[in-house]
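In: What would the 3D arrangement of this be:
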Amino acid sequence: MSAKKKPVNTPLHLLQQLSGSLLEHLEDACSQALADAEKLLAKLEKQRGKAQEKLHNSRIKLQDAATAGKSKAQAKAKGAVSELEELLDALKDRQTETRTYILHLKRDAQESLKLAQGIGRVKEAVGKILTTRDAKPVAPKAAAKTPTAKAPAKTAAKAPVKAAAAKPVAKAAAKPSAVAKPAVKTAAAKAPAKSAAKPAARTAAA
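Out: Got it, this is the predicted structure:
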């Protein structure tokens, strides 16, 4: 079974993935272009070496034909020498162009990778944000446990309510003593009546 890529969860994950792949593709493209150019230069160098060898042989044939007085062989050798000289000039020009291209390619690759460092910083910044987010879920669990500690405070707060509720009962219990006072007053009022009756008895005795 082929390994499946992890799905992109958020835009931040997408940005991290794209920035990382962009850097990889850029580095690979620069390296590949430079390798291809160097291969082409090596191929041109090889072709030029073969052309130089053929030119050397054609010049020898031309000299031999001229010495032998063979006009046809001399004309043929001259044509071969001319073609090989043109080929060597073309190969030389292509080599010069390829070397110039390689120099420009190296410079452009360095500048591109230097500019791409900003993309690398973006990738690092996104990675830090995602790491921080992954670490945050642990904190709410610890914070969720603290409300359980507040429960005794709530129960303690309910106690004053009960005490306040008990006060009306105490006031109600205190009222009967106030009711009992009028009875004392009536008893005190009856006492003068008795003392008033005593002088009447004394006058009767007289």
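In: Report how many residues lie close to L115.
Out: 10 (other C-beta atoms under 10 Å). To be clear about C-beta, it is placed using only N, CA and C from the backbone, and glycine gets the same treatment.
In: Can you tell me how far it is from S71?
Out: When distance is defined by C-beta to C-beta, to the nearest Å, L115 is 65 Å away from S71.
In: What of L18?
Out: 72 Å.
In: For the two, indicate the residue with more neighbours.
Out: L18 (15 against 10).
In: Whichever helix or strand the more buried one is part of - contacts with which helices or strands?
Out: Taking DSSP states H and E as the criterion, L18 maps to helix 11-68. Helices and strands touching helix 11-68, by 3 or more C-beta pairs under 8 Å, 6 or more residues apart in numbering; DSSP states H and E, are helix 71-115, helix 117-135.
In: Measure how buried the nearest residue to A66 once chain neighbours are set aside is and give me the count.
Out: Distances taken as C-beta to C-beta, 6 or more residues apart in numbering place Q74 nearest to A66, at 5.4 Å, with adjacent residues excluded. Using other C-beta under 10 Å, Q74 has 18 neighbouring residues.
In: care to break this structure down by domain?
Out: Using automatic domain parsing, the domain ranges for the chain come out as 11-137, 159-194.
In: looking at the ones you listed, which is buried most?
Out: Mean neighbour count (mean count of other C-beta atoms under 10 Å) peaks for domain 11-137 among the domains of the chain, with a mean of 14.
In: any idea of the mean pLDDT in that one?
Out: Domain 11-137 comes out with an average pLDDT of 91.
In: Next up, phi/psi of T10, please.
Out: Here is the backbone geometry of T10 (degrees, to the nearest 10): phi -130, psi 170.
In: E53 is in contact with L88, correct?
Out: No: L88 is beyond contact range of E53, at 10.7 Å (criterion: C-beta atoms under 8 Å).
In: what's the overlap in contacts for those two?
Out: By C-beta atoms under 8 Å, 6 or more residues apart in numbering, L88 and E53 have no common neighbours.
In: residue contacts, D64?
Out: Taking C-beta under 8 Å, 6+ apart, one finds A73 in contact with D64.
In: measure it to S58 for me?
Out: D64 is 11 Å from S58, by C-beta to C-beta.
In: How about K123?
Out: Taken as C-beta to C-beta, the span from K123 to S58 is 60 Å.
In: re the thing from before, will you turn the helices and strands packed on helix 11-68 into TSV that also has distance to Q47?
Out: As requested, the helices and strands packed on helix 11-68 are exported to TSV (distance: least, C-beta to C-beta, whole Å):
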stretch	distance to Q47
helix 71-115	6
helix 117-135	40
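In: looking at the ones you listed, which is closest to L22?
Out: helix 117-135 (5.9 Å; C-beta to C-beta).
In: distance of the residue lying closest to L87 once chain neighbours are set aside from E83?
Out: Leaving aside its sequence neighbours, L87 sits nearest to A51 (C-beta to C-beta, 6+ apart; 5.0 Å). Using C-beta to C-beta, we find A51 at a distance of 9 Å from E83.
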